[in-house]
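Peer 1: Give me a model of this one.
(4 chains)
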Protein chains: 2
Amino acid sequence: MHPATASRALDPALPGRVAAETVRRVRDAADALGYRPDPTARSLRTRRSGFVGVVVPDLTNPVIPPIVRGIEEVLWTAGLACLLADTDNDLEREAAVVAELRSRRCEGLIVASATRSGETLEELAREDVATVLVTRDIDAGTLPLVAADDAAGVRAAVTHLAELGHERIAHVTGPLSLSTTARRLAAFLEAFPGAGRPPVVHGEAFTIPAGERAAAELLRARDGVTAIVAGNDMIALGCYAALEAAGLRCPRDVSVVGHNDMPLVGQVQPPLTTVAIPQYELGVEAARMLLARLRRGDGEQPPPRVLLPTRLVVRASTAPPDG
Amino acid sequence: MHPATASRALDPALPGRVAAETVRRVRDAADALGYRPDPTARSLRTRRSGFVGVVVPDLTNPVIPPIVRGIEEVLWTAGLACLLADTDNDLEREAAVVAELRSRRCEGLIVASATRSGETLEELAREDVATVLVTRDIDAGTLPLVAADDAAGVRAAVTHLAELGHERIAHVTGPLSLSTTARRLAAFLEAFPGAGRPPVVHGEAFTIPAGERAAAELLRARDGVTAIVAGNDMIALGCYAALEAAGLRCPRDVSVVGHNDMPLVGQVQPPLTTVAIPQYELGVEAARMLLARLRRGDGEQPPPRVLLPTRLVVRASTAPPDG
DNA sequence: TTGAAAGCGCTAACAA
DNA sequence: TTGTTAGCGCTTTCAA
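Peer 2: Numbers count the residues shown, from 1 in each chain, chains lettered A, B, ... in the order given. Have a look, this model is predicted:
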């Protein structure tokens, strides 16, 4: 029997190209010998590596792991493995990581580390590398994106606070280099048309200390603020700290809404009202989009953008003002 | 110029095997053409894939991501990429995942999903596949291991409670299928030599509900218990819930100590006293151990075991009894 | 439906 | 120090 015939027999994608009897014999022999086709040799021949690069900004950020799980699950089922790379939120490392992943002939890239100016990533679009962005977008808008509908989440948060009776609502943003911050800020501002600009301060990172510093600044002016929409949950916890330092209580004096619904924010004191995003589904959808792109071969014009619904989880950090 | 010469010129590991002038010319040409050697072809020839499989039980478990970061960082620096696979705490999936990783010719495996009986993994030892276990061990003890010194952590916890004046201390374990549970339980029992067996109940998973159920059972008997050493932080939070349901307060009525120091357990109410483990360093050390194993070629007899120090973080969930 | 032959891009061994 | 040759294990023409 010839190797070529065996190869054909073992290829499930070939319908009647080979006799059923032969297929059986080949399979039996393969089982008996414990034969596993060498993926390297196959790759060399077929020009397909069988894996996808997954670039994350920081695996330690609680938003990321469920997304990666969603990606991994879908890709794995499709027979693709995940090469994981962490950029540690560093642009140079992102560039290095993407270069390495490309040189390793990844079939595609899923990138969760995008920053708005995204040099490295724009180049991927230009060179038509199969790429899908998750959560974080580039301003150029030249790459496919799967993200949560943050704007709707922020609108829901503002509406919730307004319904509780809040009139002076502030926003503590995350870092301005991220599209998530921009989207949330824009949605926040649009929720107050004409009514005089609401207070906005910027946190320089998605961390508790950064949130605390920004919120402290906000509270110094005070300005009648009775509620804060935070850029994310860490920022919200920073707000808690700043409120405590200022001798204010949450939610009695100031209500706080977070974003993401990360693990345990329902266990802190007070349990945090927050905008939940469908993290796992973001991963699943991003992987599916990449798979579709790989099957089609070339990029679509314009790149698809999918926004998944968010959900406001009301807990105890929001209450009527003066309550 | 011949391709073989070019290949040699581009290989940094070859000292004076090629003329400096030639090296320069080759490099210039390579740069000009944007030449990148094909890793697939190289792999086929050298029989080295350039990546390592990283098997995790559940990326969503907060203990895992920092470990993976440590692994990824070290491996990446060494020129190896990480193929990530999640078993979802499922033995069948672990078997499938390991098989797939092996068939993809990973140079080695780092496994964080081991269970004590670990069929699949014992086979790796038998077949001399380069493998390092992190955190979770198999009973057979036939594979290299990097883990935290949980026993010391539990001893520190018990000592801390004893010094506060607690005499009736209980243990709520995690799932018995895990070596971490066994190690912590053994250390706990050894801390009470002769003094009559202290109360022990078993949580069937490292989750808040499982911890709550187990702790509720414990509290039904009550039995004068004034302190609980929990199998991990999630179990500890389950204890919080059970205490609250039973109308008891922590730490006034019952003190609680967790294990792992996961994110935000310092923010819950009361802030959790817990045994911190060096997660990132576990990853770093596991990766280093694998690298050493790969360089040596064959397995050591007996397999190395490294325990990294833990640290008791005292917060507000522990206080003197009747306090 | 199967066999034969070629070649993916690289590097290791050997020869010059 | 460089050139030659061969072959890693597979799949894909093309021919039978």
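Peer 1: Would you agree residue A:84 falls within a helix?
Peer 2: No. Read with DSSP: H, G, I helix; E, B strand; the rest coil, residue A:84 is strand and lies in no helix.
Peer 1: can you pull the contacts of it?
Peer 2: A:54, A:56, A:59, A:68, B:54, B:68, B:72, B:82, B:83, B:84 (Cβ atoms under 8 Å, 6 or more residues apart in numbering or on different chains). C-beta: built from backbone N, CA, C; applies to glycine.
Peer 1: just residue A:230 next, same as before
Peer 2: Contacts of residue A:230 (Cβ under 8 Å, 6+ apart): A:171, A:172, A:211, A:236, A:238, A:239, A:256, A:257, A:258, A:259.
Peer 1: how about TSV for those residues, with distance to DNA strand D and secondary structure added?
Peer 2: Shown next, in TSV, are the contacts of residue A:230 (distance: Cβ to the nearest atom of the strand, whole Å; DSSP: H, G, I helix; E, B strand; the rest coil):
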residue	distance to DNA strand D	secondary structure
A:171	54	strand
A:172	55	strand
A:211	53	helix
A:236	52	helix
A:238	54	helix
A:239	56	helix
A:256	57	strand
A:257	54	strand
A:258	50	strand
A:259	47	strand
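Peer 1: Now tabulate the residues you listed in CSV and tack on pLDDT and neighbour count.
Peer 2: CSV is the format used below for the contacts of residue A:230 (pLDDT from 0 to 100; neighbours: other Cβ atoms under 10 Å in any protein chain shown):
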residue, pLDDT, neighbour count
A:171, 98, 28
A:172, 98, 28
A:211, 98, 33
A:236, 98, 29
A:238, 98, 28
A:239, 98, 33
A:256, 98, 29
A:257, 98, 30
A:258, 98, 30
A:259, 98, 29
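Peer 1: with those in mind, which one is nearest to residue B:247?
Peer 2: Nearest to residue B:247 among these: residue A:256, at 29.3 Å, using Cβ to Cβ.
Peer 1: What score does the residue in the stretch 1-150 of chain A that DNA strand D sits nearest to have for pLDDT?
Peer 2: Distances between the stretch 1-150 of chain A and DNA strand D by Cβ to the nearest atom of the strand are smallest at residue A:4, namely 2.8 Å. We note a pLDDT of 81 for residue A:4 in this prediction.
Peer 1: Tell me the secondary structure of it, please.
Peer 2: helix.
Peer 1: Next, the contact list for it, please.
Peer 2: Residue A:4 neighbours (Cβ under 8 Å, 6+ apart): none.
Peer 1: Tell me how far it lies from DNA strand C.
Peer 2: 4 Å (Cβ to the nearest atom of the strand, to the nearest Å).
Peer 1: now residue A:301
Peer 2: Residue A:301 is 28 Å from DNA strand C, by Cβ to the nearest atom of the strand.
Peer 1: Tell me the pLDDT of that residue.
Peer 2: 84.
Peer 1: so how many other residues sit close to it?
Peer 2: 5 (other Cβ atoms under 10 Å in any protein chain shown).
Peer 1: Ok, residue A:3 next?
Peer 2: So residue A:3, with other Cβ under 10 Å, has 7 neighbours.
Peer 1: what do you get for residue A:18?
Peer 2: 17.
Peer 1: same thing with residue A:252?
Peer 2: As a measure of burial, residue A:252 has 14 neighbours, counting by other Cβ under 10 Å.
Peer 1: secondary structure class for it?
Peer 2: Per three-state DSSP, residue A:252 ends up coil.
Peer 1: So which of the contacts of residue A:230 is the closest to DNA strand C?
Peer 2: residue A:259 (46.1 Å).
Peer 1: Quick check: that closest one touching residue A:275?
Peer 2: Yes. The pair residue A:259 / residue A:275 is scored as a contact, 4.6 Å apart, by Cβ atoms under 8 Å.
Peer 1: Report the set of residues contacting both of these two.
Peer 2: Common contact partners of residue A:259 and residue A:275 (Cβ under 8 Å, 6+ apart): A:150, A:153, A:154, A:157.
Peer 1: ok, the last one - contacts?
Peer 2: Remark: with contacts taken as Cβ under 8 Å, 6+ apart, residue A:157 is in contact with A:229, A:257, A:259, A:273, A:275, A:312.
Peer 1: Could you find the closest non-adjacent residue to it?
Peer 2: Spatial nearest neighbour of residue A:157, chain neighbours left out: residue A:257 (4.4 Å); criterion: Cβ to Cβ, 6 or more residues apart in numbering or on different chains.
Peer 1: pretty sure that neighbour is touching residue A:275, no?
Peer 2: Yes. At 7.1 Å, residue A:257 and residue A:275 qualify as touching, with contact defined as Cβ under 8 Å.
Peer 1: rewinding a little: could you pick out which of the contacts of residue A:84 are located in helices?
Peer 2: Among the contacts of residue A:84, DSSP state H puts A:68, B:68, B:72 in helices.
Peer 1: Kindly present those residues as a markdown table, with separate columns for neighbour count.
Peer 2: Output for the ones in helices among the contacts of residue A:84, formatted as a markdown table (neighbours: other Cβ atoms under 10 Å in any protein chain shown):
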| residue | neighbour count |
| --- | --- |
| A:68 | 26 |
| B:68 | 26 |
| B:72 | 25 |
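Peer 1: Reformat these as JSON lines; add distance to residue B:145.
Peer 2: Formatted as JSON lines, the ones in helices among the contacts of residue A:84 follow (distance: Cβ to Cβ, whole Å):
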{"residue": "A:68", "distance to residue B:145": "25"}
{"residue": "B:68", "distance to residue B:145": "17"}
{"residue": "B:72", "distance to residue B:145": "19"}
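Peer 1: Redo those as TSV? Include distance to DNA strand C and pLDDT.
Peer 2: Compiled in TSV, the ones in helices among the contacts of residue A:84 are given as follows (distance: Cβ to the nearest atom of the strand, whole Å; pLDDT from 0 to 100):
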residue	distance to DNA strand C	pLDDT
A:68	31	98
B:68	29	98
B:72	24	98
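Peer 1: any idea how far the residue of the stretch 201-323 of chain A found nearest DNA strand C lies from residue B:53?
Peer 2: Of all residues in the stretch 201-323 of chain A, residue A:297 sits closest to DNA strand C, at 18.0 Å by Cβ to the nearest atom of the strand. Separation of residue A:297 from residue B:53 (Cβ to Cβ, to the nearest Å): 29 Å.
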